[in-house]
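Participant: After the sequence you'll find the predicted model.
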Amino acid sequence: MGGGCGPEPSELDLSVPRYYLAATTITCNDGNSYALFGGGSGSGGVYNDVDVINCKFDQSTLQLQNARSYLAATTITCNDGNSYALFGGGRGILSRNVYNDVDVFECCDVTNNIQYKTTLHLQNAREGLEATTITCNDGKSYALFGGGYSFDGNDTIYYNDVDVFECCDGTIVYKEKVEWQNGRSLLAATTITCPDGKSYALFGGGYSFGDSGATIYNDVDVFECCDGTIVYKEKVELSSARRELAATTITCPDGKSYALFGGGLISSGGYSNDVDVFECCDGTITRTQTLHLQNARRDLAATTITCPDGKSYALFGGGYSFDGNDSSYYNDVDVFECCDVTNDIQYKTTLQLSSGRSDLAATTFTDCCNKEYALFGGGDDGNSYSNTVNLFDCTDIS
């Protein structure tokens, strides 16, 4: 990989301080990884910056076609090995200025960097959506963008749409729309792969507001591959209804995967420290454990790193709570691991961001020496916006 190793900083800086951004990682055919942090809001308004961090920790900045925040991001890898980073949906300067853009970025073989490729579209413009990618047994991957809401000046619409994108002849194209039951926004998404190799996309939690007031959901809607298409499989449930939570997936050395949904705002107006664990069981998805963050909070971010010994760790970082008098912005990064003895997930330790902040974004990438890092970037501390990207590797956890 790459041409030598860069320095190993504990933190980097985004081009501008901002929150409500999205992050994902793209790995090119040469094996080099790039972490992308796109969009967001800050003191200068709404941004179209897409900050790119390469495996030497060098940085560059690309642009979304339209500046927006409250967007979602995921990465799809095609059968030919080419990967594409997708940034979809989001809000412009005004709440009714909502986009259906899905900006696609790709690896450039000539410059050995990332470049803008094209813009696709969701079926409905919306913000507060989530995204994840599912890979089927035939090796084909699909990017899913689900949920969200829009406001036209009179009515707020909460979507149950899941727009699906796929690889086709060296590019990304729109494939289809599938649906779940309850339209909602401010949810979380991740993908789990079962021992038989079958993958499932999970969209959990969320919120809507209607004539009867606010509804917070404990729904976890599950989608699967079926004969070259994506279909709705089933609904399972979180331990409690909550919004503004985070999700990631951890794979243990025995190959078994677990989807974790952590934190969030609960219906009573309080905050959750629950981390619900889902696993595959006899062809279905089942909640098998509920662990806990060290501090209950919402608006956190999550990602997973895998260490050289094959062990993976799920990291839940940042977040916010309000007790009626004071706001707390957390620098906690709670780490969960596979337990070799009980063959389930357990809490391991808590790391710290350089400052407490909420509404940040997280992703994982690999440097030129094949070392993985969890990156937590941007955020809001209640007084100012952050451009800091904190990096954690396996030596921080062990």
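Facilitator: Noted; the coordinates are in hand.
Participant: and the helix or strand hosting Phe365, what does it pack onto?
Facilitator: Following DSSP states H and E, the helix or strand that holds Phe365 is strand 361-366. When contacts are defined as 3 or more C-beta pairs under 8 Å, 6 or more residues apart in numbering; DSSP states H and E, strand 361-366 sits against strand 22-27, strand 33-38, strand 301-306, strand 372-377. All C-beta atoms are positioned from the backbone trio N, CA, C, and that covers glycine.
Participant: got the angle between the third one and strand 361-366?
Facilitator: Taking axes from the mean of the first three to the mean of the last three C-alpha atoms, to 10 degrees, one finds that strand 301-306 is oriented at 10 degrees with respect to strand 361-366.
Participant: now the first one
Facilitator: Taking the same axes, to 10 degrees, one finds strand 22-27 and strand 361-366 inclined to each other by 10 degrees.
Participant: ok, back up a step: in its sheet, what does the strand holding Phe365 sit against?
Facilitator: In the sheet, strand 361-366 lines up against strand 372-377 (antiparallel) (DSSP bridges).
Participant: what's next to the partner strand, contact-wise?
Facilitator: Residues from elsewhere that reach strand 372-377 (C-beta atoms under 8 Å, 6 or more residues apart in numbering): 12, 14, 21, 23, 35, 37, 51, 53, 301, 303-307, 315, 317-318, 333, 353, 360-367, 387-394.
Participant: switch the cut-off to 7 Å
Facilitator: 14, 23, 35, 37, 301, 303, 305-306, 315, 317-318, 353, 360-367, 389-393 (C-beta atoms under 7 Å, 6 or more residues apart in numbering).
Participant: What mean pLDDT does that strand get?
Facilitator: Here strand 372-377 scores 97 as its mean pLDDT.
Participant: Name the residues that touch the following helix or strand past it?
Facilitator: Once the chain leaves strand 372-377, the next helix or strand it forms, by DSSP H and E, is strand 388-392. For strand 388-392, the surrounding residues in contact (C-beta under 7 Å, 6+ apart) are 9-14, 315, 333, 351, 353-355, 373-377.
Participant: 6 Å instead?
Facilitator: 10-12, 351, 353-354, 373-377 (C-beta atoms under 6 Å, 6 or more residues apart in numbering).
Participant: Now it: buried residues?
Facilitator: 388-392 (16 or more other C-beta atoms under 10 Å).
Participant: quick revisit: could the helices and strands packed on strand 361-366 be laid out in TSV, adding mean neighbour count and distance to Thr133?
Facilitator: Output for those, formatted as TSV (neighbours: other C-beta atoms under 10 Å; distance: least, C-beta to C-beta, whole Å):
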stretch	mean neighbour count	distance to Thr133
strand 22-27	25	9
strand 33-38	26	14
strand 301-306	24	14
strand 372-377	26	18
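Participant: Nearest approach to Gly89 belongs to which of the ones you listed?
Facilitator: Gly89 lies closest to strand 22-27 among the helices and strands packed on strand 361-366, at 9.3 Å (C-beta to C-beta).
Participant: Show me what that closest one is in contact with.
Facilitator: 33-39, 71-75, 83, 85, 361, 363, 365.
Participant: same thing with stretch 221-230?
Facilitator: 136, 142, 164, 178, 180, 200-203, 232-235, 285.
Participant: how about a cut-off of 8 Å?
Facilitator: 134, 136-138, 140, 142, 144, 146, 162, 164, 175-176, 178, 180-181, 198-204, 231-236, 285.
Participant: Going along the chain, name the helices of the stretch 1-150 of the chain.
Facilitator: Here the stretch 1-150 of the chain has no helices by DSSP state H, counting those that start in this stretch.
Participant: Quick one: the strands in it, in order.
Facilitator: 11-13, 22-27, 33-38, 41-42, 45-46, 49-53, 59-63, 72-77, 83-88, 101-108, 113-121, 130-135, 141-146, 149-151 (DSSP state E, counting those that start in this stretch).
Participant: so can I have CSV of those strands showing distance to Cys280 and mean pLDDT?
Facilitator: Output for the strands of the stretch 1-150 of the chain, formatted as CSV (distance: least, C-beta to C-beta, whole Å; pLDDT from 0 to 100):
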stretch, distance to Cys280, mean pLDDT
strand 11-13, 36, 96
strand 22-27, 24, 96
strand 33-38, 27, 97
strand 41-42, 38, 96
strand 45-46, 40, 95
strand 49-53, 33, 97
strand 59-63, 37, 96
strand 72-77, 21, 96
strand 83-88, 26, 96
strand 101-108, 29, 94
strand 113-121, 31, 95
strand 130-135, 14, 96
strand 141-146, 18, 97
strand 149-151, 31, 93
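Participant: Just send those back as JSON lines, with distance to Pro253 too.
Facilitator: Listed next are the strands of the stretch 1-150 of the chain as JSON lines, based on distance: least, C-beta to C-beta, whole Å:
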{"stretch": "strand 11-13", "distance to Pro253": "30"}
{"stretch": "strand 22-27", "distance to Pro253": "22"}
{"stretch": "strand 33-38", "distance to Pro253": "22"}
{"stretch": "strand 41-42", "distance to Pro253": "40"}
{"stretch": "strand 45-46", "distance to Pro253": "43"}
{"stretch": "strand 49-53", "distance to Pro253": "28"}
{"stretch": "strand 59-63", "distance to Pro253": "34"}
{"stretch": "strand 72-77", "distance to Pro253": "23"}
{"stretch": "strand 83-88", "distance to Pro253": "25"}
{"stretch": "strand 101-108", "distance to Pro253": "30"}
{"stretch": "strand 113-121", "distance to Pro253": "32"}
{"stretch": "strand 130-135", "distance to Pro253": "20"}
{"stretch": "strand 141-146", "distance to Pro253": "24"}
{"stretch": "strand 149-151", "distance to Pro253": "40"}
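Participant: re earlier: quick one, which of the contacts of stretch 221-230 are buried?
Facilitator: Judged by 16+ other C-beta under 10 Å, buried ones among the contacts of stretch 221-230: 134, 136, 140, 142, 144, 146, 162, 164, 175, 178, 180, 198-204, 233, 235-236, 285.
Participant: which ones are touching Arg297?
Facilitator: Shown in contact with Arg297 (C-beta under 8 Å, 6+ apart): 263, 271, 273, 318-321, 328, 330, 332, 358.
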